[in-house]
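J.: What shape does this take:
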Amino acid sequence: MIPDGHPLLLALLILFGISFLIQAFYYLYYYLAPARFKPPESSVFRGPVSVIICARNEEENLRNFLPAVLEQDYPDFEVIVVNDCSEDDSDSILAGFLIKYKRLKVSNITRDPKFTHNKKFAQFIGIKAAKNELLLFTDADCRPESSLWIEKMVSRFDEKTEFVLGYGGYFTGNGLLNKYIRYDCMTIAVQYLGMALRGMPYMGVGRNLAYRKSIFFEKKGFGPYSHLASGDDDLFVNSNASAGNIAAEFGRESHTRSVPALTIREYIKQKTRHLTTAKHYKASHKIILLGEPVTRIIFYASFIALIINLYAWPVVAGIFLLRFIIQLVIFILNRKKFNEPEILPLFPIFDVISPFINAAFFAGSIREGRANTTWK
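T.: Residues are numbered from 1 along each chain as shown. Down below sits the predicted model:
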């Protein structure tokens, strides 16, 4: 207990109030934007599209999910699968699909012991093979939520648009890990889509991302980040997207769903690899991205200290309740928008622990980034 009248208590109250105001700004300015977003009516534009999927040892996923891409209800598209050094039965699966689906093209990369490459090289091969200006990316372990996925994503292009950000969620499963993965995925999407809608795009996800072929070559591909294991999606957007050339599409028919990690060890490896790119974001983006979790920790820590000491507790409790109501309403609206069931009861717990989990992942990603050269 801190003695009554101690100046530290007043300082904590001021810190608590400032952290609340910053938190409220993030929620009401950035995180409310996706919940309130109503895209314009679908344009009549239905230009040709090249869907690009990179796959390494994805036999089961190709068998299960590729038909949903190949059977899209869209008049003019091709699907390019880059079969990157697969050692399973992917060749046979793709050979069978080549007979059945005329839209499918396969580019094979054979293993060369003298040449180690990451996923960006496979992406480059797919982009070079594409015959169309509009490129739509997803992963081999992803399935579109509807047969209108291509149409919905393409509908957001116009003469100024060079990037379209979509939502790539995870399949619903049992257990706490699955719920946390989907919570984390949704909150990240709310963040990057909200910032994009506010004119500050900083990332996209390769599970559901579209851009023009011309901008890829105009910007010299993946540029200075070609050597990194990750970043074919977020760093390319971070480096080249702007308020004037980006659009978002995240209606339910445009979603994709991916296979989530099934074990904690698998999730740690996946999340750590994804975070290796964060240190390469623009400085302004890093400041904004750090601001919310840092002030969230300050908010909870100062709240606990003030409540323990019963200092101005009616004011403190009222501010805490107000933040919770704002957070709850916006979370419910976004959960509905992104169609993520079963995570609402756990979100207060996840909200408290996620900054610490992400900090641990980020620390691990620094070590991972020094050595990782593989793309999966």
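J.: Check the offset of the worst-scoring helix or strand of the chain on mean pLDDT from the chain's centre.
T.: Every helix and strand of the chain was ranked by mean pLDDT, DSSP states H and E. The lowest is helix 347-371, at a mean of 80. Distance, stretch centre to chain centre, for helix 347-371: 15 Å (CA atoms, centre = their mean, to the nearest Å).
J.: ok, now stretch 305-316?
T.: 38 Å.
J.: Quick one: end-to-end distance for that stretch.
T.: 11 Å (CA to CA, to the nearest Å).
J.: model confidence over it, on average?
T.: Stretch 305-316 carries an average pLDDT of 94.
J.: If we go by neighbour counts, what in it is buried?
T.: Residues of stretch 305-316 classed as buried by neighbour count (16 or more other CB atoms under 10 Å): 305, 306, 309, 311, 312, 316. All C-beta atoms are positioned from the backbone trio N, CA, C, and that covers glycine.
J.: Farthest-apart pair in those residues, please.
T.: 305 and 312 (11.9 Å; CB to CB).
J.: Okay, and residue 78 sits in which element?
T.: Element membership for residue 78 (DSSP states H and E) is strand 77-84.
J.: Residue 28: how many residues sit nearby?
T.: As a burial measure, residue 28 scores 12 neighbours (other CB atoms under 10 Å).
J.: And the pLDDT at the spatially closest residue to it that is not a sequence neighbour?
T.: Distances taken as CB to CB, 6 or more residues apart in numbering put residue 326 closest to residue 28, at 6.9 Å, once the chain neighbours are dropped. Note on residue 326: pLDDT of 98.
J.: Quick check: residue 326 touching residue 26?
T.: No - at 10.1 Å, residue 326 and residue 26 do not qualify as touching, with contact defined as CB atoms under 8 Å.
J.: between those two, which one's more packed in?
T.: residue 26 (20 against 17).
J.: Grab the nearest non-local neighbour of the more buried one.
T.: residue 292 (4.8 Å).
J.: mind listing what the one you found touches?
T.: Each residue near residue 292 by CB atoms under 8 Å, 6 or more residues apart in numbering is listed here: 22, 23, 26, 191.
J.: was I right about the second one contacting residue 299?
T.: So the one you mean is residue 23. Yes - taking CB under 8 Å as the definition, residue 23 is a contact partner of residue 299 at 5.9 Å.
J.: what is the mean pLDDT for stretch 127-136?
T.: The model assigns stretch 127-136 a mean pLDDT of 97.
J.: Find residues that contact each of residue 23 and residue 299.
T.: residue 323.
J.: For the closest residue to residue 147 other than its chain neighbours, give me phi and psi.
T.: Leaving aside its chain neighbours, residue 147 sits nearest to residue 73 (4.3 Å; criterion: CB to CB, 6+ apart). When read as degrees, to the nearest 10, the backbone of residue 73 gives phi -90, psi 80.
J.: Cool, thanks, signing off.
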